[in-house]
Structures are given as C-alpha cells and as structure tokens.
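Enquirer: this one's sequence-less:
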C-alpha cells in the first residue's frame with residue numbers, strides 16, 4: 001500500500017521511462033535466454049562452433065544491456081558520464097609532448113654560440129662599379 005502511493009507521485013515522464021526500461025530489460029533477457037538455449041544445443045552437436053556461439057551471445061547480450069542502460073538514462077534525461085580515461089590519457093599525452101618540446105627548446109637554446117658566429121668581411125674588387133665612381 002505504501003509503495004503504490006510513492007509510485008503514483010512520480011511524474012508522467014518518469015513513469016513512461018520506467019515502463020520503457022522494464023519492457024526493454026525483459027526483451028533483452030528473453031532474447032539472451034533464447035540465444036543461450038540455442039548456444040547450449042549447438043554445443044552438444046559441435047564443441048568448437050558452440051564455444052564461438054557462446055562468446056558471440058555473451059558479447060551480444062552485454063552490448064544489448066549496455067545500450068539498454070544508455071537508452072534508459074536518455075529517457076530519464078540523464079547525461080552520459082564523461083570519458084575520464086580518455087580525458088586523462090589525452091592530458092598525459094599533452095604533458096609528455098609539452099615536456100619533450102620544452103626539453104628540445106632548452107637544448108637548442110643552450111648550444112655553444114661561438115661555433116655558429118659568422119664573420120662577414122667586405123672585399124674590395126677592382127672591377128666593381130662602386131669603385132669607378134669614386
């Protein structure tokens with residue numbers, strides 16, 4: 001009696017999302033059970049093919065459950081979580097590239113300048129036109 005009173009106080013979109021979630025979960029479970037039963041019968045006929053089918057059914061059921069969870073979250077109006085592992089990996093890669101660039105810049109800036117000094121010398125040529133005008 002108390003539980004039904006709480007369910008009545010939910011908003012209409014929440015009830016619709018909850019109903020959609022329950023229908024989706026039952027459909028995925030039924031499909032998973034049917035596929036698992038097919039995989040079990042195939043395992044009896046050929047061991048090698050059944051192992052492959054079992055892995056395929058397991059991965060398909062996992063994918064279906066993950067998609068169902070995302071669909072329920074979308075129906076409930078929740079945003080997907082941030083991909084923290086991707087963000088942290090990108091930050092670490094950026095830091096490593098920045099460190100390498102900084103080290104290369106310091107190494108280029110600290111090399112011996114006396115080797116690179118070039119002295120320019122003016123050479124007077126006897127047949128230059130500037131000399132004839134003087």
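Expert: All right, it came through fine. Treat the numbers as computed from the prediction; the structure is a model and nothing was measured.
Enquirer: pLDDT on the helix or strand hosting residue 94, on average?
Expert: Assessed by DSSP states H and E, residue 94 sits inside helix 84-109. For helix 84-109, the mean pLDDT works out to 91.
Enquirer: what number of residues lie near residue 77?
Expert: Residues lying near residue 77 (other CB atoms under 10 Å) number 9. Any C-beta I mention is one placed from the backbone N, CA and C, and that applies to glycine too.
Enquirer: swap in residue 17?
Expert: By other CB under 10 Å, the burial measure for residue 17, its neighbour count, is 20.
Enquirer: for the protein, longest helix please?
Expert: helix 12-45 (DSSP state H).
Enquirer: packing partners for that helix?
Expert: helix 47-75 (3 or more CB pairs under 8 Å, 6 or more residues apart in numbering; DSSP states H and E).
Enquirer: and residue 88, how far from residue 82?
Expert: Using CB to CB, to the nearest Å, residue 88 is found at 10 Å from residue 82.
Enquirer: common neighbours of the two, please.
Expert: Shared contacts of residue 88 and residue 82 (CB atoms under 8 Å, 6 or more residues apart in numbering): none.
Enquirer: I'd like the mean pLDDT over the longest helix of the chain, please.
Expert: Mean predicted lDDT for helix 12-45 stands at 77.
Enquirer: from the recorded domain assignment, give the ranges for this structure.
Expert: According to automatic domain parsing, the chain comprises the domains 2-77, 83-108.
Enquirer: state the number of residues packed around residue 62.
Expert: 11.
Enquirer: ranking the domains of the chain by burial, who's on top?
Expert: domain 2-77 (a mean of 13; mean count of other CB atoms under 10 Å).
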